[in-house]
Structures are given as C-alpha cells and as structure tokens.
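1. quick one, what's the 3D model for this:
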Amino acid sequence: MPAGGRSTPKSIQERWAADPAAFAREAFLPDDQGRPLTLAKWAIPFVEGVRDNPYNGVKANRNASKTFTMAFLALWWGFTRWPAKVLFAATRADQLRDHNWGEFRLLHARLIPELRKDVQILASEIRISADKAGEPSRQPNMIIARAASEGNSVASQGAHAAHMLVILDEAAGIPDSIFNVMYGSLTTPGSRIVVAGNPTITSGAFYRIFTHPEMSKLWKTTTVSAFDVQDEPWFRKAWIDECRKNWGEDSPDWQSYVLGEFPTTQEGCIFPVDLVSDAVARVVELKPGYLPIWGFDPAAGGDRCALAKRHGNILLGPVETWISDDTQISVNRVVDAYYASRDAGSAPAAICVDASGLGIPMAQQLRDLGLPIVSVPFSEKANRDEMYVNKRAEMHFSAADWFRQRDCSIPYDEQLIEEMLTVRKINSDQGNRMRLLAEPKDEIKKRILRSPDRLDAFNLTFCARYRERDSGYLDAKMAVVRQKRRERADSGTWMSAI
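-> Just a heads-up that it's a prediction; the model follows:
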C-alpha cells in the first residue's frame, strides 16, 4: 500500500492524477466484508473526463450515486494536485451539510490511515495537508462549501488556485447569475467546472448545457439512467417498475428521475416542451392565404425592445432586440424595418404594439407615420373573457396553441425558447369562475434574470388574426359561404320558405 499524505511520493500522486481508478483502489480501505471502494460504472469514466476537459456535466436519474461520485471527485482532485482548491456548491446550506458533507465523512472513514490523518473536516471546509518531507510548509488544499443562492457570490471569497475545481451539485436549481460568477473562477489552465443534477427544469444554464448546440460543443456531458445503475448493489431494481406503474412512461417524473432526461412536458408550463423542440427542428412550407404579422414590445430604461416577425406558420427569424433610452431611436428602427419590408414585397399586414406605459405614445407615433399599427393593452379584458383573466394571458395561450398545430417552424432562438419554457400558468378563481392567468413578469425575472421581452413580442404576433388572412383567401372563403347559402335556398326545404 503506498504511503500517503505528507510523505506520498510524487510519482504515486502523478499516477493517481492520471488514473482515478488507481486512486479508488489504493487510497481507500476495503469495507467490513473485504470489498474495495465501489463506484458506479459511470463514475470513473466521468472523472477521467474531468481530468481531460475543462467543462463537464452529468444529468442523472434518482439514486445514481451522483453525490457520492462528486465527493470522490473532490477528494481525488485535492490529493493529486497542488496547489488545489475545490469550490463545492449546492442550492441550499442544509443540502451541503446533511448530504454532501455526509458523503465526505463516509469516504474519509475509508481512506488509508496515511491519508486520513492529513484530512481535517470542518463545518464548511475540508483541509488536505500538502506538506512534503524535506520541503517547506505549504498551505493545505481546500474543499470549500458554499450555498449557491441568489445574491450569494459563492466564487468571490478566495476561490482561485492553480488547480481550481468548481462543483455545482443539484445544478438544475442554481440561478444563472451564480453560473456566471463561477465562470469567473476558471482563470487558470488547470481549472475545471462540473455541474451535476436531476434534469427537472427546462430552462436555465443547466438545461442549456445539454441542449444548446454551441454549448454542447464546449461541454463534455454524461447522461445516467436508472437502467445504467439497476445492477449496482445499492440500487433496488424493482423501483423502476414501480415508477412505471405509478407515473407512466409519458410523465415528467419518469423522464427526469428514471431516464435522466429533461421532460418533454412540464407541469404548469403554458408552452409544451416537446412541441417547441419539434418546431425548432421542423422544415415546413409556408401555408397559403396568410400575411406577415409583426409584434413590437417597446421598452426604455435599460430593458430591451423586441421585434418579432411571423408569417403564418413560420417565425421568420430570431426575435430582434436592442436597448435604447431614446424612444425616437426605437421608433425609427421599426419604421426603417417596415419600409424595407415593403420595398421587398413582404410588408406586414399589422404591427401589434404593447400599448401600455410608454408604448401608448410610441404606437401613436408609428401610426401617424403610416404604419399599420394595432394597439394591444396587455392588462385589458381578454376577447374570451370566460377563459382568460386578461389579454396577456390570452396571448400566451393563443401562441401555445399555434405550436399544437404541429405544422409550424421557429429558428433556434435560445432566449426566446427559454422564455417560452419558463412561463407558467395560474388558475385564478374569481367571481365563481375559474380562469387562466400567465404568471407575473416579476416571477419570470427571478428565474431567468431578465424580462421576457422576446416572448412578449412573439405573442403580440397573434393579436391581429383578422388582418392575417390575405384578400384572395377571404374572397374564396366568402364565395364558398355564398354558394352554400344558394344551395340551401334551392333545396326546397321548409327552412328555405321562411
């Protein structure tokens, strides 16, 4: 058994750094039954991926030994590199205290004595002695626990080292702002980041890591399902069949907790995840009889203006956004876009504008300049008042119904898609009537850290249905109606004599 801690030969440390499986075999004692340290089959290949790649992610089923593997990874990193730090973050302090630090204590008890004596586990950090015989005293390597919650800059407190490892556990619930701060810690060539979690939420940085085309080129990702670990000694295989019976294979819980996949449907979401994903990949022909409709969501004071352009069953491009405190600049931009489209023969039949606040004078100015403006007050009464609390809710559900036709197409617009998949419906019981409401913007902002301006602009394109059909289509429809009336009049029934 190789000596460890202060007297670990450098050659052994280098071998362990190159071969995490050797570290698992040699640095830990057998259990009471003589069995070596048991890791999930996916664990060692994953740790080897961290050895070789700066960006690493794993989404896993429930009870895939994810938390245990993250603790093993942190200790392997701390024992095989100097100077090293591990920033270990989770969404809650009790998660770190009760679960993550509990796994560290289990592994600490299994370390060979030569290594165990050099590890000190404290309430929110773990110190690994890095002193070597005959060499000057060194600062210990550190594993630091931080709660990754909104407003807590977990990476700002000395979280830098030549060999920096950031581990974000339960990463699906970590806000984007924390991810952005974490990236600031990866300034050295030996730095790594690992994100791990159950794939339960179809928005945010964790979701994008596994679904965004560009991010998937940067990140090495691993998916673990219950079928990958069903033969592991700690896993109860019958649980899979129980979940199938209780949840059904189409349920979000089955997809997330059994298959280790992001759900294609999500409870409470207005826009179906699977239908939005299908629309991104779909190539369609433009349906005849439709005219373009634009949606313009004006803003000022640091928020983004957004302009969406839809033609029938096709969103013509990513939603255009810009920031300007000068409303005249925004007006001019819309005017220029309109006249450019008119010169190209693709002018919209209507430009629907959010007519609330500063949108009221901007809509009037655009109308005075000759643009086909339709003012849409978000907070006013819905056309279908018996179903929706206000116009904003009706817009969301109308846009979602567009996807249900399964013949539409949208470009890959990351932020628009994220805004679609994060907005949730609320059942509002008012006046003995159950009606639908879209959740307030402030709640959406808390999750994605911005206003859903792109989605608002897209939704606005569904607020001028009466202008969307071209005259030829309407004439043909009316001709059919008139023909049917004539046929009924000539049928000689008693109704025709009335």
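2. from now on I want contacts and neighbour counts done on CA atoms only, so please keep to that.
-> Noted.
3. so how many other residues sit close to Leu106?
-> Residues near Leu106, counting by other Cα atoms under 10 Å, number 12.
4. check what pLDDT Gly5 gets.
-> At Gly5, the model reports a pLDDT of 46.
5. my bad, Asp118
-> So Asp118 comes in at 92 (pLDDT).
6. from Ile112, how far out is it?
-> Separation of Asp118 from Ile112 (Cα to Cα, to the nearest Å): 11 Å.
7. and if you look at Ala457?
-> 61 Å.
8. same drill for the two, tell me which one is more crowded.
-> Using other Cα under 10 Å as the criterion, Ala457 and Ile112 rank with Ala457 on top: 27 against 19.
9. helix or strand for the more buried one, which one?
-> helix 453-460 (DSSP states H and E).
10. just give me how far that helix sits from the chain centre.
-> On the basis of Cα atoms, centre = their mean, to the nearest Å, helix 453-460 sits 19 Å off its chain's mean C-alpha point.
11. likewise for stretch 42-59?
-> Using Cα atoms, centre = their mean, the offset of stretch 42-59 from its chain centre is 21 Å.
12. related to what we said a few turns ago, just the C-alphas of the helix holding Ala457, formatted as PDB.
-> Extracted C-alpha coordinates of helix 453-460, given in PDB (Å, rounded to 0.1, in the frame of the first residue of the first chain):
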ATOM      1  CA  ASP A 453     -39.400  40.700 -23.900                       C
ATOM      2  CA  ARG A 454     -38.800  38.300 -26.800                       C
ATOM      3  CA  LEU A 455     -41.700  36.200 -25.800                       C
ATOM      4  CA  ASP A 456     -44.000  39.200 -25.400                       C
ATOM      5  CA  ALA A 457     -43.100  40.300 -28.900                       C
ATOM      6  CA  PHE A 458     -43.700  36.800 -30.300                       C
ATOM      7  CA  ASN A 459     -47.100  36.700 -28.500                       C
ATOM      8  CA  LEU A 460     -48.100  40.000 -30.000                       C
END
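13. who touches it?
-> 294-297, 304-310, 319-321, 352-354, 376, 395-396, 398-399, 415-416, 419-420 (Cα atoms under 8 Å, 6 or more residues apart in numbering).
14. show me those that map onto helices.
-> Those of the contacts of helix 453-460 mapping onto helices are Met395, His396, Ser398, Ala399, Gln415, Leu416, Glu419, Met420, per DSSP state H.
15. farthest-apart pair in those residues, please.
-> Farthest-apart pair in the ones in helices among the contacts of helix 453-460 is Ser398 and Gln415; separation 19.8 Å (Cα to Cα).
16. what about Pro452, distance to Thr422?
-> 10 Å.
17. ok so, going back, got the ones in helices among the contacts of helix 453-460 as a markdown table, with distance to Leu39 columns?
-> Below are the ones in helices among the contacts of helix 453-460 laid out as a markdown table (distance: Cα to Cα, whole Å):
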| residue | distance to Leu39 |
| --- | --- |
| Met395 | 50 |
| His396 | 47 |
| Ser398 | 49 |
| Ala399 | 47 |
| Gln415 | 38 |
| Leu416 | 40 |
| Glu419 | 38 |
| Met420 | 39 |
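18. quick one: which of those residues is nearest Glu26?
-> Nearest member of the ones in helices among the contacts of helix 453-460 to Glu26, counting by Cα to Cα, is Gln415, at 47.3 Å.
19. not counting its neighbours along the chain, what's nearest the closest one?
-> Of all residues beyond its chain neighbours, the one nearest Gln415 is Arg454 (7.5 Å), with distances taken as Cα to Cα, 6 or more residues apart in numbering.
20. show me the contacts for Val331.
-> If a contact means Cα under 8 Å, 6+ apart, then Val331 has Met362, Gln365, Leu366 as its contacts.
21. tell me the secondary structure at it.
-> Three-state assignment for Val331 (DSSP: H, G, I helix; E, B strand; the rest coil): helix.
22. that one and Ala363, how far apart?
-> 9 Å.
23. now Asp442
-> Computed as Cα to Cα, the Asp442 to Ala363 distance reads 24 Å.
24. where along the stretch 301-450 of the chain do the strands fall?
-> Ranges of strands within the stretch 301-450 of the chain are 305-311, 314-315, 320-322, 350-354, 373-376, 425-430, 433-438, based on DSSP state E, counting those that start in this stretch.
25. most tightly packed of these?
-> strand 350-354 (a mean of 27; mean count of other Cα atoms under 10 Å).
26. other SSEs contacting that strand?
-> strand 292-297, helix 359-368, strand 373-376, helix 453-460 (3 or more Cα pairs under 8 Å, 6 or more residues apart in numbering; DSSP states H and E).
27. can you list the strands that the third one pairs with?
-> Its sheet considered, strand 373-376 pairs with strand 350-354 (parallel) by DSSP bridges.
28. quick one: distance of the partner strand to the chain centre.
-> 29 Å.
29. for stretch 10-19, same thing?
-> For stretch 10-19, the distance to the chain centre is 37 Å (Cα atoms, centre = their mean).
30. for the record, mean pLDDT for it?
-> pLDDT averaged over stretch 10-19 gives 91.
31. got it, and stretch 59-74?
-> According to the model, stretch 59-74 has a mean pLDDT of 96.
32. and what of stretch 229-243?
-> Across stretch 229-243, pLDDT averages out at 95.
33. residues of it that come out buried?
-> With burial defined by 16 or more other Cα atoms under 10 Å, the residues of stretch 229-243 counted as buried are Val229, Gln230, Ile240, Cys243.
34. torsion angles phi and psi at Ala40?
-> Dihedral pair for Ala40: phi -60, psi 150, per degrees, to the nearest 10.
35. pLDDT value on it, please?
-> 96.
36. wait, it sits on Phe68?
-> No: contact criterion Cα atoms under 8 Å: Ala40 and Phe68 do not qualify, at 9.3 Å.
37. okay, those two: which has more neighbours?
-> Phe68 (21 against 18).
38. for the more buried one, which non-adjacent residue is closest in space?
-> Glu103 (5.7 Å).
39. ok now the helix or strand where the one you found lies, how far from the chain's centre?
-> Secondary structure from DSSP H and E places Glu103 in helix 101-110. Put simply, helix 101-110 sits 32 Å off its chain's centre (Cα atoms, centre = their mean).
40. what sits up against that helix?
-> So helix 101-110 is contacted by Phe28, Leu29, Pro30, Asp31, Thr67, Phe68, Ala71, Phe72, Arg116, Val119, Ile121 (Cα under 8 Å, 6+ apart).
41. now for the one helix or strand Leu115 maps to, which elements pack on it?
-> If you go by DSSP H and E, Leu115 is part of helix 113-116. Using 3+ Cα pairs under 8 Å, 6+ apart as the contact test, no helix or strand touches helix 113-116.
42. in the stretch 201-350 of the chain, where is pLDDT below threshold?
-> Scanning the stretch 201-350 of the chain for pLDDT under 70 picks out the ranges 266.
43. can you map out the helices along it?
-> Remark: helices assigned in the stretch 201-350 of the chain by DSSP state H, counting those that start in this stretch are 205-211, 213-218, 226-229, 238-247, 252-253, 273-281, 327-343.
44. now, of these, which is deepest in the fold?
-> Note that of these, helix 252-253 is the most buried (mean count of other Cα under 10 Å), with a mean of 24.
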